[in-house]
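Engineer: I would like the atomic coordinates for the input below:
(one chain, ligands or ions: 2)
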Amino acid sequence: MAMGSDWTVQNLDFSSCGEEEEGSDSSLDEWSSSNPQILSPNPVCRTPIVQRHCTRSFTVSPSIPVSPTTPIPYAAWRKLRLCDSPSTPKSLLSKSALPSSSTKICRSQRALRFATSTDPSQCSHVPSVNVNPFTPDTFRRTREHYKRKSRRSDDDDDYGCRMKPSHTSSEDDDAFLPSKRQAVQAFMLSRYESEFLELGHIGAGEFGVVCKCVKRLDGCLYAIKRSRRPLAGSANEQLALKEVYAHAVLGHHPHVVRYYSAWAEDDHMIIQNEYCDGGSLHDAILEKEACGELFPELELRDLLLHVSMGLKYIHSSGLVHLDIKPSNIFICQCSSAGGAGESEEEEDRGPSTGVVYKIGDLGHVTSSSSPQVEEGDSRFLASEVLHEDYSNLPKADIFALGLTVLLAAGSPPLPQNGDEWHSLRRAQLPSLPQELSPAFRSLIQTLLDPEPSQRPSASALCRQPVLRKERTGKLAAQLRRELNVERFRTAMLEKELQEARLAALSPQQAFPPGLQQPINTGSLPKAGRRLVGRNAARSMSFGCPGYGV
Ligand SMILES: Nc1ncnc2c1ncn2[C@@H]1O[C@H](COP(=O)(O)OP(=O)(O)OP(=O)(O)O)[C@@H](O)[C@H]1O
Ligand SMILES: [Mg+2]
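Structural biologist: Numbers count the residues shown, from 1 in each chain. Ligands and ions are numbered 1, 2, ... in the order given. Model prediction:
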């Protein structure tokens, strides 16, 4: 990751982070009332931390200035690749910062605030009907406009030059820009509809619904996530922004669901992600359960290794996920798992079980050094996070990963609170319906260690012999095969070399068998010139004694 952590922190320095005043936005209430984790009388909400969650009061590092209207740095927006969107998250923020009356007047102009002014009074200048600058009537009126301007001016510049629309004068802008911009806004009604063909719903969560879509232009499948409710000013807006920010900062890793683009339409955030054809791990666990099956240990090891690789990447970027759980881990079948095998750990070979696990849903991601913590699912919450100890947040991800693997191994549903919740945090593992190898089981046990520093880091997990044993075995077999091939090739080359030497010693034998050209019997082969198989793609990785190359 090329960016320094400072940069990252700056990008994650969200302007409000869900700290809007209570009741400032009805969409928030609407969202909250539909959110069982927030309003239900469930005892989880009575725990201190979830109470904080309920009131959306987040812990913010004092070193980070937080202002409800802090502008997001332009560089960060460029990072988001949103500037060409009809309406962007930034515009949602600016919308929430404007008086509601002006917001309504300017509804169709939301996207323009970026490019022009945030002054709502300017909206009255915007024509409600587009003006095509190329109709004869417009052309005539434009010409008259410039003529008037020309008469007013003492300058006698060439008239043709003046006909060129200039973007430097605000008067010129009035004549040209509004109509163009209006055209973009009014006729590109939905980027989603114009760019994608929806093939069906594939999931739904707290944040929104996810659809499988094919992009009309490139014909590829994508998972498109659309927020359920209007976002402006709501806590969901912050989740959506976090997700987009994190994706933009993280770039591309084979074990992190790939992000392509994000934009807003009708106050709804839309995120275009890689489509994972195996769905979520949560769905896979349910499917196995329904068939009375369990993930075998080999698959559990791959799951642990892949998610560790993704976490290693996230953590090394100075970020933490904070919502690791089966419904946020996605499965790609190997054939479609773009990028699998690109990571350092997978350079040697592909995955052993035919699937690639990827971390998705980055809505809770925060900086590990200056965290703005919004706890994820309480069932996966580490005890130290409950106690507001954010000093080692990467290990909270490791804890959640341990519980995720336990669930995949067939553990009963995790408790949201109560004695069972606490006993899991005392490293008392539930009984599992399958026998795991002692090494693997004790590895899971370490992931759930009550003391965060005792849990292995994601990087250490990637090197774990227990997880890599299978891989190492397969790698050794592969190497043995390659070694045999090379031995055979060496033997062939030695034979040819021997024949070439014999030919060199006896000039009469100009065309020895196996050689493709006459031997220059007067001199030894020149350095760097191969005598045999010059066009053959032979491996030269071995030393061949006596061979003059
Ligand atoms: N990239 C994807 N590929 C395939 N399916 C996906 C993808 N993203 C999401 N889904 C499906 O949509 C569901 C919800 O997705 P996601 O977790 O991103 O939304 P969410 O609203 O944050 O949900 P939750 O609050 O439960 O975490 C997933 O459980 C999965 O079934
Ligand atoms: Mg999710």
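
Engineer: got the residues of this protein near ligand 2?
Structural biologist: G205, N328, D361 (CB under 5 Å from the ion). Heads up, the C-betas are built off the backbone N, CA and C, glycines and all.

Engineer: these also near ligand 1: which ones?
Structural biologist: Filtering those for proximity to ligand 1 by CB under 6 Å from any ligand atom leaves G205, N328, D361.

Engineer: buried among those residues? Need that as a selection in ChimeraX.
Structural biologist: The buried residues among those can be selected in ChimeraX (16 or more other CB atoms under 10 Å) with this line:
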select :328,361
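
Engineer: how far away is the residue nearest to V257 when sequence neighbours are not counted from G203?
Structural biologist: Among residues not flanking V257 along the chain, G360 sits closest, at 3.6 Å (CB to CB, 6 or more residues apart in numbering). Distance, G360 to G203, using CB to CB, to the nearest Å: 10 Å.

Engineer: what sits in contact with each of the two?
Structural biologist: Residues within reach of G360 and of G203 at once, by CB atoms under 8 Å, 6 or more residues apart in numbering, are S280.

Engineer: more neighbours, the two?
Structural biologist: A direct count of neighbours by other CB atoms under 10 Å for G360 and G203 places G360 higher, at 26 against 17.

Engineer: my guess is the more buried one contacts I331. True?
Structural biologist: No: applying CB atoms under 8 Å, one finds G360 not in contact with I331, separated by 10.3 Å.

Engineer: mutual contacts of those two, please.
Structural biologist: Common neighbours of G360 and I331 (CB under 8 Å, 6+ apart) are C276, S280.

Engineer: quick revisit: give the contact list for the residue nearest to V257.
Structural biologist: By CB under 8 Å, 6+ apart, the contact set of G360 is V256, V257, N273, C276, S280, N328, I329, F330.

Engineer: same question for Q333.
Structural biologist: Contact partners of Q333, counting by CB under 8 Å, 6+ apart, are D277, G278, G354, V355, V356.

Engineer: and those residues, which is closest to S506?
Structural biologist: Taking CB to CB as the measure, S506 lies nearest G354 of the contacts of Q333, at 57.9 Å.

Engineer: is it possible to export the residues of the chain next to ligand 2 to JSON lines including pLDDT?
Structural biologist: Formatted as JSON lines, the residues of the chain next to ligand 2 follow (pLDDT from 0 to 100):
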{"residue": "G205", "pLDDT": "81"}
{"residue": "N328", "pLDDT": "96"}
{"residue": "D361", "pLDDT": "92"}
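
Engineer: hey, which helix is longest across the protein?
Structural biologist: Longest helix of the chain, by residue count under DSSP state H: helix 465-505.

Engineer: what about that helix, average pLDDT?
Structural biologist: If you average the pLDDT over helix 465-505, you get 79.

Engineer: could we number from 59 for the rest of this?
Structural biologist: Happy to do that; since the first residue is 59 now, the last one works out to helix 523-563.

Engineer: could you say what helices and strands it packs with?
Structural biologist: With contacts defined as 3 or more CB pairs under 8 Å, 6 or more residues apart in numbering; DSSP states H and E, the packing partners of helix 523-563 are helix 355-374, helix 496-505.

Engineer: Throw the ones you listed into TSV and include mean pLDDT, thanks.
Structural biologist: TSV is the format used below for these (pLDDT from 0 to 100):
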stretch	mean pLDDT
helix 355-374	96
helix 496-505	96
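
Engineer: could you check the angle helix 496-505 makes with the longest helix of the chain?
Structural biologist: Here helix 523-563 runs at an angle of 120 degrees relative to helix 496-505 (axes from the mean of the first three to the mean of the last three CA atoms, to 10 degrees).

Engineer: so helix 523-563 versus helix 355-374, what angle?
Structural biologist: 90 degrees.

Engineer: closest to P510 among the ones next to ligand 1 among the residues of the chain next to ligand 2?
Structural biologist: Nearest to P510 among these: N386, at 20.6 Å, using CB to CB.

Engineer: which residues are in contact with the spatially closest residue to that closest one that is not a sequence neighbour?
Structural biologist: Counting by CB to CB, 6+ apart, N386 lies nearest to D419, which is 4.0 Å off, once chain neighbours are set aside. By CB under 8 Å, 6+ apart, the contact list for D419 reads G263, F265, E301, V315, D381, S385, N386.

Engineer: so P429: helix, strand or coil?
Structural biologist: coil (DSSP: H, G, I helix; E, B strand; the rest coil).

Engineer: can you check R206 too?
Structural biologist: With three-state DSSP as the basis, R206 sits in helix.

Engineer: tell me the confidence at it?
Structural biologist: 74.

Engineer: tell me, how many residues neighbour it?
Structural biologist: 10.

Engineer: do H259 as well
Structural biologist: 10.

Engineer: low pLDDT regions in the stretch 209-358 of the chain?
Structural biologist: In the predicted model, the stretch 209-358 of the chain carries pLDDT under 70 at residues 209-247, 288-291.

Engineer: up against ligand 1, what does it have?
Structural biologist: Selection of the stretch 209-358 of the chain residues close to ligand 1 by CB under 6 Å from any ligand atom yields 260-266, 268, 281, 283, 315, 331-334, 337-338, 340-341.

Engineer: which of the residues you listed are buried? Put it as a PyMOL command.
Structural biologist: Selection command for PyMOL covering only the buried members of those, criterion 16+ other CB under 10 Å:
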select buried, resi 260+261+264+265+266+268+281+283+315+331+332+333+334+337+338+340+341
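
Engineer: in strands, which of the residues of the stretch 209-358 of the chain next to ligand 1 appear?
Structural biologist: I260, G261, A262, G266, V268, A281, K283, N331, E332 (DSSP state E).

Engineer: closest to ligand 1 among those?
Structural biologist: Of all those, ligand 1 sits closest to G261, with 2.1 Å by CB to the nearest ligand atom.

Engineer: OK, contacts around that closest one?
Structural biologist: Taking CB under 8 Å, 6+ apart as the criterion, G261 is in contact with V267, V268, G337, S338, D341.

Engineer: equivalent analysis for S517, please.
Structural biologist: Per CB under 8 Å, 6+ apart, neighbours of S517: K370, H373, S374.

Engineer: I'd say the second one and K453 touch.
Structural biologist: The reference is to H373. No: at 9.6 Å, H373 does not count as touching K453 under the criterion of CB under 8 Å.

Engineer: who's more crowded, the two?
Structural biologist: K453 (24 against 21).

Engineer: mind checking how far that one is from V431?
Structural biologist: Distance from K453 to V431, by CB to CB: 14 Å.

Engineer: the domain parsing of this protein - what is it?
Structural biologist: 250-332, 337-392+411-529 (the TED database).

Engineer: and the first one, end to end?
Structural biologist: With CA to CA, to the nearest Å as the measure, the first residue of domain 250-332 is 15 Å from its last.

Engineer: next: stretch 313-324.
Structural biologist: Terminal-residue distance, stretch 313-324 (CA to CA): 32 Å.

Engineer: number of nearby residues for Q430?
Structural biologist: 24.
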